[in-house]
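**Q** predicted model, plus sequence, below.
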Amino acid sequence: MSSTGSSRGNPAIGDIIRSMVVIGAVILGLYGIGQLFTAKPEASVETVDYAQVVSQARPAATFPLAAPTGLPEGWRATSARFQENGWHLGVLTDTDDYVGLEQLKGPAVRAVERFADGSKSDGTADVAGQTWNVRTGPNGRLTYLRNEDGLTTLLNTTVSRPVLEDYIASLSTS
């Protein structure tokens, strides 16, 4: 037996630490490369066929139910609900901004409290021959609303005024 101090059967602590550092660096390098070449799936948003909901709801509605005649390219409906005293249509724009359309029987104050709480009056706008009350809210939220014969129509969004006004102009009750 040799007494030269070979560490083959009993490695020194420094050898163990160096080996661990090398293995850790290799693992981190592989992880980093994997992250570069791994595509992150986009969060999918389910869409709904709002036109079908509208065609079923209009005969049952006791108010003139408003809905767009069509959506601009890239826009998609994500929610559509009809109840006896109300109608909701939620859409995402091509830039993933949300536009919510609410129609409720009742006073505008109640609709503002429910859907535009914290917003402030910001004048009026004439869109497609109708006068809308404009409200601005936190985080750039924009609300257009009108009340006619006890029916409040409210649109809530973060899109620009021209985009919202084009959307409002596309609304039809027939």
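**A** Done, it's in.
**Q** mind checking which helix or strand the residue nearest to residue 81 when sequence neighbours are not counted is in?
**A** The spatial neighbour of residue 81 that comes closest, neighbours along the chain excluded (CB to CB, 6 or more residues apart in numbering), is residue 88 at 4.6 Å. Every C-beta, even on glycine, is put in place using the N, C-alpha and C of the backbone. According to DSSP states H and E, residue 88 maps onto strand 86-92.
**Q** same deal with residue 82?
**A** Per DSSP H and E: strand 76-83 holds residue 82.
**Q** any idea how far residue 113 is from residue 74?
**A** 32 Å (CB to CB, to the nearest Å).
**Q** what comes up buried for the helix or strand residue 52 falls within?
**A** Element membership for residue 52, per DSSP H and E: helix 50-57. In terms of neighbour count (16 or more other CB atoms under 10 Å), helix 50-57 has its buried residues at 50, 53-54, 57.
**Q** for stretch 141-152, same thing?
**A** 141-147, 151-152.
**Q** may I have it as CSV, with CA atoms only?
**A** The C-alpha coordinates for stretch 141-152 follow below in CSV (Å, rounded to 0.1, in the frame of the first residue of the first chain):
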residue,chain,number,x,y,z
ARG,A,141,-61.7,53.8,-18.0
LEU,A,142,-64.2,55.5,-20.3
THR,A,143,-68.0,55.1,-19.8
TYR,A,144,-70.7,56.2,-22.2
LEU,A,145,-74.3,56.0,-21.0
ARG,A,146,-77.8,57.1,-21.8
ASN,A,147,-81.2,56.5,-20.3
GLU,A,148,-84.3,56.5,-22.5
ASP,A,149,-87.7,55.5,-21.2
GLY,A,150,-86.3,53.8,-18.1
LEU,A,151,-83.7,51.8,-20.1
THR,A,152,-80.1,52.5,-19.3
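**Q** if I pick residue 58, what's in contact with it?
**A** Listed by CB atoms under 8 Å, 6 or more residues apart in numbering, the contact partners of residue 58 are residue 65.
**Q** ok, now how distant is it from residue 19?
**A** 74 Å.
**Q** burial count for residue 113?
**A** Residue 113 has 11 neighbouring residues, counting by other CB atoms under 10 Å.
**Q** any idea which helix or strand carries it?
**A** helix 108-115.
**Q** go through stretch 78-93 and flag the buried ones.
**A** Under 16+ other CB under 10 Å, the buried positions of stretch 78-93 are 78-80, 82, 86-93.
**Q** for the residues you listed, which one is nearest residue 23?
**A** Ranked by distance to residue 23 (CB to CB), the buried residues of stretch 78-93 are led by residue 92 at 46.5 Å.
**Q** still on that earlier bit, who does the residue nearest to residue 81 bridge with?
**A** On the basis of DSSP bridges, residue 88 is bridged to residue 81, residue 102.
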